[in-house]
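1. My questions are about this predicted structure, shown below with the sequence.
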Amino acid sequence: MKKSFGIWAAALIFLSMLFANNPRAIPLMMTSGDKGWRNRPTDVFGIHRPFWTPNRIGNYLTNNGQFVVPNPAGRAGMEWPVGSGKTVAFASGIWLGGIKNGEITSAVGEYATEFQPGAVTGHSSGVAGTPANPENSRFKVYMINDVDVANPSGNPDYLNWPVVDGAPLNANNKPHLLGTSTAWAVFNDFNEALHTRLFKTKPLGVEVQMTAWAFDRADAFGDMMFFKYKFINKSGKNISNAYAAFWADFDIGDARDLVGCDTTLSLAYQYKKQSDAIYGANPPAIGYNLLQGPIVPSPGGGANVAGRKVFGFKNLPMTAFDKFICGGPPPFSCPNTGVEAYQYMQGFNKFGQAIIDSTTGQTTRFWHPGDPVAGSGWLDGRPGDRHFLMSSGPFALADGDTQEVVGAIIIAQGATGLESVKLLKQNVALAQMAYQNQWLITEVQEKPIRGPAAYALKQNYPNPFNPATTFEFTIPREEWVSLKIYNMLGEEMATVVEKKFSTGRYQVNWEPAGLTTGLYFYRLQAGDFVQTKKFTLLR
């Protein structure tokens, strides 16, 4: 026993030394826990599960398809605000299902997972690839941060960025940092034993590359995490009628929650009407927003893929939203087979029966698409421990082909639970704008030419805005002041003010004419003082 303890102690010391230089990653060992966690064996080796704290969210990530994982005590894995001890999500994972060789096949990350760490090599047309050893330490979760750009030697993950396995590089051939912190991992579903012990299908034969990022900001982006999943079919066979889905067991505080969806925003969310035992009278709302769905052929269309346009295709939106309850009524209980999981992904109950909107009597593929703030439409009723699945499909994933999906976890807190839902939907619009502008959301500021300390240009408000906004600036002496608007190409688009001002603080209201939705700069020049900031216009 003493010898065994010594081995484990040495291993823990080694791991703590390995990650000591990464301030946003806290590696912890995987253990069993509550809500069926201990009842579903994984038999996956090489699991790396750091606690990622890139902003106000703290979250356990893994390198096997589970991107919210229960903590070492088996309790909820996502903390918000980080350091508070309060939690908003128990577990979550990526799901993929489709038809291969005429059979329904799945590759899912749930409480347990059908994925294992590692890349797949040796694939060629019609020939399945070979999965790498999942216990190879290079298939961990890599995390890089904004501070690493100036001090790359301070983070081994930055120095050992696994480009050979697909980790992305920027235009300067350096690790591609999105936001202020980026995490990356690669995994696959080639382990037949994992399928046998979870949803009992044969492997799909996909490699998945996960990129996660976040922004450490004081505004709404400080309560968001973004995830991109790149699916590569390395099975040697075509996969048809495929669906990609985000599965969630969100638990806000005491887990007595309601669920809903907004089909216009491709948003699935969880919320409360009542006070929460953990968060009190103003519980937050949490949701998944599908920013980029898989692509399908569309004559004349233009799809977004990896920041570029792909013509002749379109991105699918959220096409189904299901809720289910483990231990609930049989048609709406948790799936136990790949066939049942696939029925959910399509927008049916687990037996393949249509969902009926109780307010219209019509069939639908979306549970509770009503508006809880207005109290209209089909709404969730009695609060409880909910699971949900937000899906997009069907699409094709031919042998050797790639599909990508991009989603966001967004948290918002208003004065009440319903106000949190309202704020959540507003913040979804910000996330979608950031995606459309390729994540150029951080404040841009030129180094001002030396001048009196009293010169100042504040951030416009509101921002983003529609139809009008206010600029505020201060000058310490009489100056000729120019305030102009520029687009992302540096082209002058409008002049807000161009005249002489006396000493003082000024507010200028402005309503743009002829400008479309997008990201713009505003530039103030007063004497030798120059400063530039960024704003977003919503139309």
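-> Structure's in. What do you need? Worth saying up front: this structure is predicted, and the values here are computed from it rather than measured. Numbers count the residues shown, from 1 in each chain.
2. Point out where the stretch 251-400 of the chain drops to low pLDDT.
-> Counting by pLDDT under 70, the stretch 251-400 of the chain contains no low-confidence residues.
3. Can you tell me the element Met225 falls in?
-> According to DSSP states H and E, Met225 maps onto strand 224-233.
4. in its sheet, what does that strand sit against?
-> As defined by DSSP bridges, the strand partners of strand 224-233 come to strand 206-214 (antiparallel), strand 402-412 (antiparallel).
5. Output these as JSON lines; include the columns distance to Gly126 and mean pLDDT.
-> Yep, even glycine has a C-beta here, placed from its N, CA and C like the rest. Converted to JSON lines, the strands paired with strand 224-233 look like this (distance: least, CB to CB, whole Å; pLDDT from 0 to 100):
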{"stretch": "strand 206-214", "distance to Gly126": "16", "mean pLDDT": "98"}
{"stretch": "strand 402-412", "distance to Gly126": "17", "mean pLDDT": "97"}
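6. Give the burial count for the closest residue to Gly65 other than its chain neighbours, as a bare number.
-> Excluding the flanking residues, the one nearest Gly65 by CB to CB, 6 or more residues apart in numbering is Gly109, at 2.8 Å. Neighbour count of Gly109, defined by other CB atoms under 10 Å: 26.
7. And Ala398, by the same measure?
-> Residues within reach of Ala398, counting by other CB under 10 Å, total 13.
8. Same question for Gly58.
-> Neighbour tally, Gly58, other CB under 10 Å: 21.
9. Go through the strand holding Met225 and flag the buried ones.
-> By 16 or more other CB atoms under 10 Å, the buried positions in strand 224-233 come out as 224-233.
10. Check stretch 210-217 too.
-> Quick answer for stretch 210-217 (16+ other CB under 10 Å): 210-217.
11. Stretch 491-510 too?
-> By 16+ other CB under 10 Å, the buried positions in stretch 491-510 come out as 493-494, 496, 501, 510.
12. Helices - which of the residues you listed land there?
-> Using DSSP state H, no member of the buried residues of stretch 491-510 sits in helices.
13. Skip ahead from the longest helix along the chain and say which helix or strand is next.
-> For the chain, the longest helix by residue count, based on DSSP H, is helix 417-436. Using DSSP H and E, the next helix or strand after helix 417-436 towards the C-terminus is strand 456-457.
14. Which residues does that following strand contact?
-> The contact list for strand 456-457 (CB atoms under 8 Å, 6 or more residues apart in numbering) reads 471-474, 524, 531, 533.
15. Among these, which lie within strands?
-> Among those, the ones falling in strands (DSSP state E) are 471-474, 524, 531, 533.
16. which residues does the closest residue to Thr319 other than its chain neighbours contact?
-> Excluding the flanking residues, the one nearest Thr319 by CB to CB, 6+ apart is Ser392, at 5.3 Å. Listed by CB under 8 Å, 6+ apart, the contact partners of Ser392 are 243-245, 266, 290, 293-294, 316-320, 405.
17. ok, so of those, who is nearest Ser92?
-> Of all the contacts of Ser392, Ala245 has the smallest distance to Ser92: 10.9 Å, by CB to CB.
18. which SS class is that closest one?
-> Following DSSP: H, G, I helix; E, B strand; the rest coil, we place Ala245 in the strand state.
19. Test of understanding: give the bridge partners of it.
-> Assigned bridge partners for Ala245, using DSSP bridges, are Trp95, Ser391.
20. In the ones in strands among the contacts of strand 456-457, find the pair that's most separated.
-> Using CB to CB, those reach their maximum pairwise distance at Thr474 and Lys533, which is 14.2 Å.
21. So for those two, which sits in the more crowded spot?
-> Between Thr474 and Lys533, counting by other CB under 10 Å, Lys533 is the more crowded of the two (19 against 15).
22. can you tell me how far the more buried one sits from Asp216?
-> Distance of Lys533 to Asp216, given as CB to CB, to the nearest Å: 19 Å.
23. For the stretch 51-200 of the chain, give me the ranges with low pLDDT.
-> Checking the stretch 51-200 of the chain against pLDDT under 70 turns up nothing.
24. Mind jotting down where the helices sit in this protein?
-> With DSSP H as the criterion, the chain has helices at 2-18, 146-150, 156-159, 192-196, 338-346, 417-436.
25. To Asn238, which of these lies closest?
-> Evaluated over those, closeness to Asn238 peaks at helix 338-346, with 16.8 Å, by CB to CB.
26. for that closest one, packing partners?
-> In terms of contacts (3 or more CB pairs under 8 Å, 6 or more residues apart in numbering; DSSP states H and E), helix 338-346 is packed against strand 91-100, strand 103-108, strand 239-249, strand 320-324, strand 387-397.
27. Summarise which helices and strands the shortest one is packed against.
-> Secondary structure elements in contact with strand 320-324, counted by 3+ CB pairs under 8 Å, 6+ apart, are helix 338-346, strand 387-397.
28. Can I get that strand in CSV? Just the C-alpha atoms.
-> C-alpha atoms of strand 320-324 as CSV (Å, rounded to 0.1, in the frame of the first residue of the first chain):
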residue,chain,number,x,y,z
ALA,A,320,-34.1,20.3,-33.5
PHE,A,321,-34.3,20.9,-29.8
ASP,A,322,-35.2,18.0,-27.5
LYS,A,323,-35.5,17.8,-23.7
PHE,A,324,-35.4,14.5,-21.8
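29. Report the distance from it to the chain centre.
-> From the chain centre to the centre of strand 320-324 is a distance of 19 Å (CA atoms, centre = their mean, to the nearest Å).
30. Just the residues contacting it, thanks.
-> 243, 259, 261, 263, 268, 332-335, 344-350, 355, 365-369, 380, 386-392.
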